[in-house]
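Visitor: Quick check, what structure comes out for this input:
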Amino acid sequence: MRSLLGRLLTVLCLGAALPLLWYAAWQGTRGNDFDMYQSQFLELRQRLLYAEKENKKRSHELSSALDEIKRVVAKRMNLTVNYYMKWKASDLTRKLPMHLTNMYYYLPHLREFEDAIFPNVIFGQQRTGVSLVMGIPTVKREKQDYLINTLHSLLYELSEEQKNDCLVIIFVAEVNAEYVNRVAESIKTSFPREIQSGVLEVISPPASYYPDLSNVKKAFGDSEDRVRWRTKQNLDYSFLMLYAQPKGTFYLQLEDDILAKSDYFQSIKNFAAKQSQEWMILEFSQLGFIGKLFKSEDLPLIVEFFLMFYKDKPIDWLIDHLLWVKVCNPEKDADKDFGKNVLHKAHNNPPAKVDTSLRVHQQYTLEKIYKGEDCFWASAPVAGDYIRFTFLNPLKIEKYFFRSGNMEHPGDKLLNTTVEVLPADEMLRKELIDNGSKFNYPATKDGYLKIGAFENGIAEGSINQSIGKIQAIRLSVNSDSPVWAILSEVFIKTPEN
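Guide: Here you go, the predicted model:
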């Protein structure tokens, strides 16, 4: 179009110049004047031709630039990684539901940032009306990232009908745009169809959502970094739950490093439908805050409770307290054991020295649970941690029983933890170290035999009497735990007790 206009301009200019030439010829008596006008005409013609050439060149350059802009825009529209669709309102306090306006009371800094409670929607078709919404918060990990494997696990066996009846929301709980974009791009590359259909949504929080966490108050023996981490985690869960609340009937809280069982989707729906009475939480995993199912209509109340105490306790403790307030009726409980012993069970164990690498919480020491005086409670174990009972005299042990977690904190269980015994016979220990186990139990490098493991918070079993007398029993943690640990029962059975 621009090239055509250029040609037309050239023709018009030449046409306008012809009368000048005719006029100059008519004035031929002026002799040299004619030559001057002819020279000027030729010069003008050359300039017009040059202008036409430049016009063509500029038109081509402009066309190329427009094509490049279109390409970049199309790329960004397809990726949408660098494009954040922010939900904004001119008058938030009038447009927001009442339970969201309460956030300004618990997080007063939000009053300075009118859009801080609205997510950056990176991918999403704004699907609503589904049966099950699954929320997955994810943060930057120092080592391996499991998110893509988790999503494959959740989506792999779902039928098309089931995919149309669920929504998976990935909440990238980071404010670094480069990292958020990188995570989003990996999800888009792995699950293009699910993003296009609306099964998957990816959101992230505005940086202004978080209050200043630089001066958190230490509690429960946690380090300042640990308190800061769990405080932010409480805010992350709250943000994700409120975003998910209007989108479906049920909300399932997950993490970014889980593996789903086959037919999990229908099993969860069926189990929820079979409940004959009112419920607030259904547990599909005993790990911390993983696999907890809520009715979406209850989420505003739950989030408000979290926000009331987000600086005070971890998320699984808060949900335990909420259940205690909303569901439990201790004043109507006729159980004669209700009282100080409800959180632990006492046994007459043989004399022993006890020690642990775990960080003990307040007065809940290992000595107390071994003597039956109180439970043992410690901060989240990490790989290599241990709990050990070394007997004052080597013993013939018939059975063992260890229970982790209790009624108030059912999620605080020992996970991926083995039970090991140390034979009192030094020759046998040396043989185990040098040549491995001659029993059906694996041997450790320091001469212990692995005789059992915790399952669903409990470890129990009999001990092969061919091992002989035992010097010590050790509970060894094999991987980092996302939850704290409680021992509420320890029983070492000998012929004497």
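Visitor: any weak-confidence spans in the chain?
Guide: 1-101, 143, 220-222, 286-287, 328-342, 434-438 (pLDDT under 70).
Visitor: Quickly list the domain ranges of this protein.
Guide: Domain ranges of the chain: 2-79, 85-326, 340-493, per automatic domain parsing.
Visitor: can you give me the helices in the stretch 351-497 of the chain?
Guide: For the stretch 351-497 of the chain, the helices defined by DSSP state H, counting those that start in this stretch occupy 366-371, 426-435.
Visitor: Same list, the domains of the chain, but as a markdown table with mean neighbour count please.
Guide: The C-beta positions use only the backbone N, C-alpha and C, and glycine is treated the same way. Shown next, in a markdown table, are the domains of the chain (neighbours: other CB atoms under 10 Å):
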| stretch | mean neighbour count |
| --- | --- |
| domain 2-79 | 12 |
| domain 85-326 | 17 |
| domain 340-493 | 18 |
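Visitor: picking up where we left off before, figure out which of the helices of the stretch 351-497 of the chain is closest to residue 466.
Guide: Residue 466 sits nearest to helix 426-435 of all the helices of the stretch 351-497 of the chain, at 10.1 Å, using CB to CB.
Visitor: List of residues touching that closest one?
Guide: For helix 426-435, the surrounding residues in contact (CB atoms under 8 Å, 6 or more residues apart in numbering) are 422-423, 438, 443, 445-447, 449, 467-468.
Visitor: please redo it, this time with the cut-off set to 6 Å
Guide: With CB atoms under 6 Å, 6 or more residues apart in numbering as the test, helix 426-435 has contacts from 423, 443, 447.
Visitor: do the same with stretch 352-369
Guide: Here stretch 352-369 has contacts from 220-221, 370, 374-379, 381, 385-391, 487, 490, using CB under 6 Å, 6+ apart.
Visitor: rerun at 8 Å
Guide: 220-221, 344, 370, 373-379, 381, 384-392, 484-490, 492.
Visitor: so of the residues you listed, which ones are in strands?
Guide: 376-378, 386-392, 485-490, 492 (DSSP state E).
Visitor: With adjacent residues omitted, what lies nearest to residue 285?
Guide: residue 291 (2.9 Å; CB to CB, 6 or more residues apart in numbering).
Visitor: Just to check, the one you found is in contact with residue 253?
Guide: Yes: using CB atoms under 8 Å, residue 291 is in contact with residue 253, at 7.2 Å.
Visitor: For residue 243, grab phi and psi.
Guide: Main-chain dihedrals, residue 243, degrees, to the nearest 10: phi -70, psi -40.
Visitor: With residue 298 instead?
Guide: Residue 298 adopts backbone torsions of phi -90, psi -10, taken as degrees, to the nearest 10.
Visitor: Distance of residue 389 relative to residue 446?
Guide: 16 Å (CB to CB, to the nearest Å).
Visitor: out of the helices of the stretch 351-497 of the chain, which comes closest to residue 119?
Guide: Of all the helices of the stretch 351-497 of the chain, it is helix 366-371 that lies closest to residue 119, at 44.1 Å by CB to CB.
Visitor: circling back to that earlier point, give the full set of residues in contact with the residue nearest to residue 285.
Guide: With CB under 8 Å, 6+ apart, residue 291 has these contacts: 252-254, 258, 283-285.
Visitor: Regarding residue 107, what are the backbone dihedral angles?
Guide: According to degrees, to the nearest 10, residue 107 has phi -130, psi 70.
Visitor: Beta-bridge partners for residue 477, please?
Guide: Residue 477 forms beta bridges with residue 417, as assigned by DSSP bridges.
Visitor: Tell me who's in contact with residue 281.
Guide: So residue 281 contacts 292-294, 319, 323 (CB under 8 Å, 6+ apart).
Visitor: switch the cut-off to 10 Å
Guide: By CB atoms under 10 Å, 6 or more residues apart in numbering, residue 281 lies in contact with 253, 292-295, 298, 302, 319-320, 322-323, 326-327.
Visitor: any chance of the residues you listed in TSV, plus distance to residue 406 and secondary structure?
Guide: As requested, the contacts of residue 281 are arranged in TSV below (distance: CB to CB, whole Å; DSSP: H, G, I helix; E, B strand; the rest coil):
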residue	distance to residue 406	secondary structure
253	22	strand
292	18	strand
293	22	strand
294	23	strand
295	26	strand
298	25	helix
302	22	helix
319	15	helix
320	10	helix
322	17	helix
323	14	helix
326	19	helix
327	17	coil
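Visitor: so what's the nearest residue to residue 138 once chain neighbours are set aside up against?
Guide: Nearest residue to residue 138 in three dimensions, chain neighbours excluded: residue 256, at 4.0 Å (CB to CB, 6+ apart). Counting by CB under 10 Å, 6+ apart, residue 256 touches 136-139, 141, 145-151, 170-173, 183.
Visitor: coming back round to it: and which of the contacts of residue 291 is nearest residue 234?
Guide: residue 253 (12.7 Å).
Visitor: Chain neighbours aside, what residue packs nearest to that closest one?
Guide: Leaving out its chain neighbours, the residue that sits closest to residue 253 by CB to CB, 6+ apart is residue 292, at 4.7 Å.
Visitor: Check the gap between the one you found and residue 454 for me.
Guide: Taken as CB to CB, the span from residue 292 to residue 454 is 21 Å.
Visitor: same deal with residue 102?
Guide: 41 Å.
Visitor: ok, back up a step: give the residues shared as contacts by residue 291 and residue 253.
Guide: By the contact definition CB under 10 Å, 6+ apart, residue 291 and residue 253 are jointly contacted by 284-285.
Visitor: these two touch, right, residue 271 and residue 263?
Guide: No: assessed by CB atoms under 10 Å, residue 271 is found out of contact with residue 263, at 11.6 Å.
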